[in-house]
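# Below are the sequence and a predicted model for it; my questions follow.
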2 protein chains.
Amino acid sequence: MKEIRYQPIGIIHSDIKSLDNAPIQAVYGSDRKGWIELYPAYKEGLMDIEGFSHIILIYHFHLCRGVALRYKPFLDDRPHGVFAIRSPLRPNPVGLSVVKLDSVIDSIIHISGVDMIDGTPLLDIKPFIPQFDNRDGAKIGWLKDKI
Amino acid sequence: MKEIRYQPIGIIHSDIKSLDNAPIQAVYGSDRKGWIELYPAYKEGLMDIEGFSHIILIYHFHLCRGVALRYKPFLDDRPHGVFAIRSPLRPNPVGLSVVKLDSVIDSIIHISGVDMIDGTPLLDIKPFIPQFDNRDGAKIGWLKDKI
């Protein structure tokens, strides 16, 4: 097993200052504004991003320590495997959220629908493309009738 | 900037043996079968995953070297910023694909709709949940009329 090393490309800022007041998912925090401080070295990579209404953020759960291979999520009273839930207590604490892109000013990206804690290190930004990223009629297992 | 270190949780296997014959996106390779060799230490984390028809794989583009902040993608004849395309030549070479979960046998996960090269190190598996991961009516910028 070879270690994989990444460097943050920027920092996500929000008004969520602790784990206690984070929404369960980005989609539940659609009125929450935030901004990405992209490190200036990567600014050139933003060309044409404003054509997309939504972007995928891949980030590091920097405040989470430890792994729970089975865990009771917020939305249920029974535990499930970590790969069947969206808990941050993962073998690799990688987070994924789709957020709304409001505007880009220089290397600052203003976003809505934020569920990350202020100061979260950002690993990647990808354009959200429903034709690639959505699957109609997907079955959602234990979450059925819960969301 | 603090370095972030991850360990692969398993390896993705497929019949795609080189970059030349990889589909552009997972959605274009829906008949391509593959399998995930999850390292046995993480097997417990698979509990209840079979209720989900689709899973999100986050993985490392292990064969890609270098970064192109502006790049001409397969689907266009003009360059765009790396954060507006899905090219693997990213500051952090993190890949994201939604695949169909066919079956789980012990710590092997059989999948369809594979666009990863055989041997790709896997970083995380998340359940695909349209209510969290899709946004209806999303605008797709330069990709409009191209897909």
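Looks like it came in fine. Numbering: from 1, shown residues only, chains lettered A, B, ... in the order given.
# Looks like A:I49 contacts B:A84 (just checking).
Yes. Shown here, A:I49 and B:A84 form a contact pair, counting by Cβ atoms under 8 Å, at 4.3 Å. For glycine as for every other residue, the C-beta is placed from the backbone atoms N, C-alpha and C.
# Pull out the buried positions in stretch A:67-76.
A:V67, A:A68, A:L69, A:R70, A:Y71, A:P73 (16 or more other Cβ atoms under 10 Å in any protein chain shown).
# Give the burial count for the nearest residue to the fifth one once chain neighbours are set aside, as a bare number.
In this case it means A:Y71. Closest residue to A:Y71 apart from its sequence neighbours, by Cβ to Cβ, 6 or more residues apart in numbering or on different chains: A:S87 at 5.0 Å. By the measure other Cβ atoms under 10 Å in any protein chain shown, the count of residues near A:S87 is 20.
# Which secondary structure state is assigned to A:S87?
Here A:S87 is recorded as coil under DSSP: H, G, I helix; E, B strand; the rest coil.
# residues contacting it?
Going by Cβ atoms under 8 Å, 6 or more residues apart in numbering or on different chains, A:S87 touches A:A68, A:Y71, A:P73.
# Let me know the secondary structure of the closest residue to A:L75 other than its chain neighbours.
Closest residue to A:L75 apart from its sequence neighbours, by Cβ to Cβ, 6+ apart: A:K146 at 5.0 Å. Recorded secondary structure, A:K146: coil (three-state DSSP).
# So, low pLDDT: which residues of chain A?
Residues of chain A that meet the criterion pLDDT under 70 lie in A:1, A:29.
# just the helices in it please.
Ranges of helices within chain A are A:130-133, based on DSSP state H.
# Of all the residues in the top strand by length along it, which ones are buried?
Selection of the longest strand in chain A by residue count, based on DSSP state E, yields strand A:94-105. The neighbour-count check on strand A:94-105 (16+ other Cβ under 10 Å) flags A:V94, A:G95, A:L96, A:S97, A:V98, A:V99, A:K100, A:L101, A:D102, A:V104 as buried.
# right, is it up against chain B?
Yes. Counting by Cβ under 8 Å from any Cβ of the partner chain, contacts between strand A:94-105 and chain B involve A:V94, A:L96, A:V98, A:K100.
# partners of that strand in the sheet?
strand A:54-60 (antiparallel), strand A:108-112 (antiparallel) (DSSP bridges).
# on that earlier part again, going by distance to chain B, which of the residues of strand A:94-105 next to chain B wins?
Of all these, A:V94 has the smallest distance to chain B: 4.9 Å, by Cβ to the nearest Cβ.
# Could I get the contacting residues of A:I108?
Counted by Cβ under 8 Å, 6+ apart, A:I108 has contacts A:W35, A:I36, A:E37, A:L38.
# Recalculate using a threshold of 6 Å.
Residues near A:I108 by Cβ atoms under 6 Å, 6 or more residues apart in numbering or on different chains: A:W35.
# Distance-wise, check it relative to A:G34.
Per Cβ to Cβ, to the nearest Å, A:I108 is found 11 Å from A:G34.
# Any idea what the closest residue to A:M116 other than its chain neighbours is bridged to?
Excluding the flanking residues, the one nearest A:M116 by Cβ to Cβ, 6+ apart is A:I12, at 4.8 Å. Note on A:I12: beta-bridge partners A:I36, A:T120, judged by DSSP bridges.
# who's in contact with A:K33?
Counting by Cβ under 6 Å, 6+ apart, A:K33 has contacts A:S112.
# quick one: it and B:F83, what's the gap?
A:K33 is 20 Å from B:F83, by Cβ to Cβ.
# cool, and A:I36?
The value you get for A:I36 to B:F83, if Cβ to Cβ is used, is 10 Å.
# now do A:H62
Taken as Cβ to Cβ, the span from A:H62 to B:F83 is 21 Å.
# Between these two, which is the more surrounded one?
B:F83 (28 against 18).
# who are the neighbours in contact with the more buried one?
Contacts of B:F83 (Cβ under 6 Å, 6+ apart): A:G45, A:L46, A:I49, A:I125.
# Selecting buried members of those residues in ChimeraX, what would you type?
Buried subset of those, written as a ChimeraX selection, criterion 16+ other Cβ under 10 Å:
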select /A:45,46,49,125
